[in-house]
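1. Sequence first, then the predicted structure:
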Amino acid sequence: MAAVLRVRRAFAYDPRDMEAAASVTAHARLRQGRLLLWSLCIATFLVNIAAIAISPFLRDIASDLGVDLAAAGLLIALTSVTWGVTSLIAGSLSDRIGRRPVMMAGFLGLIAAPLGLAATWSFATASAWRLVNGVGGGAYMGSVFAVVSDRFPSAERGRAMGWIVTGQSLSLVVGIPLVTFAGDFVGWRGALAAQAIALLLAAMLVWLVVPAGARPKLVGAAAGPPVRTLLTPPVVALLAASAAERFIYGGVASYTATFLRDSYEIPFGPLAVALAIVASGNLLGSFVGGYLSDKLPSRQLLASASLVGTAVLALPLLLWQPGLTISVLLGLVFTLANALGRPAILAAISDVSSEASGSLLGINITFSSVGWLTSSAIGGWLIAVYGFPAFGLVTSAVSLAGSGLAALAWWLGRRPWDRAPRHGVEVGT
């Protein structure tokens, strides 16, 4: 027990130290919070693998369950449904009872779901377990960004959010290739069982680093405003841009492996290496995007530029098959462009209100899940009926729409009567 308490003190931050933290430099604050960010990055990495771990095995799962590829793709979409609904509830609930209880409840579903899926031979039962998976993921992701928002002031929040987005990116860079590689030895069922064990370890880590009880009360904060008053036109436009960005991310996460296998007939081993290279762009983009979002004058315009680049790159990536090497390099640049704007979107949304950060960031996860759901639902159908070029055209169109929405959020936010008021004083400011 004494050892556990020492670990808790090493990782956790004490909300009672807020006044002292006000005099610490930005660099020192980031250094003090690094253990927290590392831990949440690792947990987020494993949680996001849970959403897309089946993507390299869609054809194998379809064969085992007796369905076609489009139906197997719906298993990813089902997770997005409950993920989005749960995150909407979880964010608001974490504002009231604390972040840790909600996150730990989410881990229960995340651990049970892959074990249940690995044991089933029925598509109906598999669908039920994927719904449970979404409940767990929504509970965790609906709270984790709020933990970061509690800890870091606005001027540092882009880089801090970038760490959590990096955890998401690592699920593509390392997680999916690792799951794919494991599947080459133990099959998709064994790979999912191993994932459940890793999630159990992540749950223990989160329990250690995230404080128990209600979230820290902010210095000078009054009662938080109703969330509906924060959903001004610029905020709604930014949330819609977030949904568009997740549509693109979801499509890459769900169907890149299938695209490479169908286009070049490569086995699981080399496929894992190719996926790691493609997804490394997402990792680099998350780091750079977090830094730029704290340095550039407009986070919304950074997100808009990122989505323009994604729209342009989607066309050669999915409409052209010049060879495995060039396709992999195109995928790397594509994921880099896509990831640049994600920390900026999250930081801009969390700036709106300190008191309602959990609720508002939970709503963002719900919007993001709509993007995931749409991408997963129509992606399998488009690919099965019209091929990958059709999906590439749709991806490019959605990227352009998202870019316009992010730019609209910036333009609307310039007008004082459209700005949502900020309430209270953030921790560390």
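-> Here it is on my side, so go on.

2. Ramachandran angles for residue 46?
-> Residue 46 adopts backbone torsions of phi -70, psi -40, taken as degrees, to the nearest 10.

3. For it, which residues are in contact?
-> By Cβ atoms under 8 Å, 6 or more residues apart in numbering, the contact set of residue 46 is 171, 175, 195, 198-199, 202. To be clear about C-beta, it is placed using only N, CA and C from the backbone, and glycine gets the same treatment.

4. Recalculate using a threshold of 10 Å.
-> Shown in contact with residue 46 (Cβ atoms under 10 Å, 6 or more residues apart in numbering): 53, 107, 110, 140, 167, 170-171, 175, 195, 198-203, 205.

5. Repeat that for residue 320.
-> Taking Cβ under 10 Å, 6+ apart as the test, what residue 320 contacts is 263, 326-327, 330, 389, 392.

6. Spatially central, which residue of this structure would that be?
-> residue 168 (5.1 Å; Cα atoms, centre = their mean).

7. And that residue, which helix or strand is it part of?
-> Per DSSP states H and E, residue 168 falls inside helix 154-170.

8. my guess is residue 157 meets residue 361, correct?
-> No: using Cβ atoms under 10 Å, residue 157 makes no contact with residue 361, being 11.3 Å away.

9. Looking at these two, which is more packed in?
-> Between residue 157 and residue 361, counted using other Cβ atoms under 10 Å, residue 361 has the larger neighbour count: 29 against 25.

10. any low-confidence regions in the protein?
-> Low-confidence segments of the chain (pLDDT under 70): 1-32, 172-173, 213-230, 253, 352-358, 376, 415-429.

11. Which strands or helices does the biggest helix by length in it pack on?
-> Longest helix in the chain, counting residues (DSSP state H): helix 176-209. Packing partners of helix 176-209 (3 or more Cβ pairs under 10 Å, 6 or more residues apart in numbering; DSSP states H and E): helix 2-11, helix 34-52, helix 58-65, helix 99-119, helix 123-151, helix 233-264, helix 268-295.

12. Any buried residues in it, and which?
-> For helix 176-209, the buried set under the neighbour-count rule, 16 or more other Cβ atoms under 10 Å, comprises 176-183, 188-189, 191-196, 198-199, 202-203, 205-206, 208-209.

13. now the angle between helix 123-151 and that helix, please.
-> Here the directions of helix 176-209 and helix 123-151 differ by 50 degrees (axes from the mean of the first three to the mean of the last three Cα atoms, to 10 degrees).

14. any idea how far helix 176-209 is from the chain center?
-> Centroid separation for helix 176-209 versus its chain: 18 Å, with Cα atoms, centre = their mean, to the nearest Å.

15. returning to what we had before: got any residues that touch both of residue 157 and residue 361?
-> Contacts common to residue 157 and residue 361, judged by Cβ under 10 Å, 6+ apart, are 145, 148-149, 346, 350.

16. now the helices and strands packed on helix 176-209 as a markdown table including distance to residue 412?
-> Formatted as a markdown table, the helices and strands packed on helix 176-209 follow (distance: least, Cβ to Cβ, whole Å):
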| stretch | distance to residue 412 |
| --- | --- |
| helix 2-11 | 40 |
| helix 34-52 | 30 |
| helix 58-65 | 40 |
| helix 99-119 | 31 |
| helix 123-151 | 22 |
| helix 233-264 | 4 |
| helix 268-295 | 19 |
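
17. which non-adjacent residue is nearest residue 392?
-> Nearest non-adjacent residue to residue 392, counting by Cβ to Cβ, 6 or more residues apart in numbering: residue 318, 2.8 Å away.

18. Which residues are in contact with that neighbour?
-> 251-252, 255-256, 259, 263, 327, 330-331, 334, 383, 387-396.

19. What of residue 281?
-> 169, 172-173, 252, 329-340.

20. of those residues, closest to residue 117?
-> residue 172 (20.3 Å; Cβ to Cβ).

21. Report the backbone C-alpha coordinates of the helix or strand hosting the residue nearest to residue 392 in CSV.
-> Applying DSSP H and E as the criterion places residue 318 in helix 299-319. The C-alpha trace of helix 299-319 is given here as CSV (Å, rounded to 0.1, in the frame of the first residue of the first chain):
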residue,chain,number,x,y,z
ARG,A,299,-6.4,27.6,-34.1
GLN,A,300,-9.4,27.5,-36.4
LEU,A,301,-7.4,28.6,-39.4
LEU,A,302,-4.8,26.0,-38.7
ALA,A,303,-7.5,23.4,-38.7
SER,A,304,-8.9,24.8,-42.0
ALA,A,305,-5.5,24.6,-43.7
SER,A,306,-5.0,21.1,-42.4
LEU,A,307,-8.3,19.9,-44.0
VAL,A,308,-7.5,21.6,-47.3
GLY,A,309,-4.2,19.6,-47.5
THR,A,310,-6.1,16.4,-46.6
ALA,A,311,-8.6,17.1,-49.4
VAL,A,312,-5.9,17.5,-52.0
LEU,A,313,-3.9,14.4,-50.9
ALA,A,314,-7.0,12.1,-50.7
LEU,A,315,-7.3,12.0,-54.5
PRO,A,316,-3.9,10.6,-55.6
LEU,A,317,-3.9,8.3,-52.5
LEU,A,318,-7.2,6.5,-53.3
LEU,A,319,-7.6,7.1,-57.0
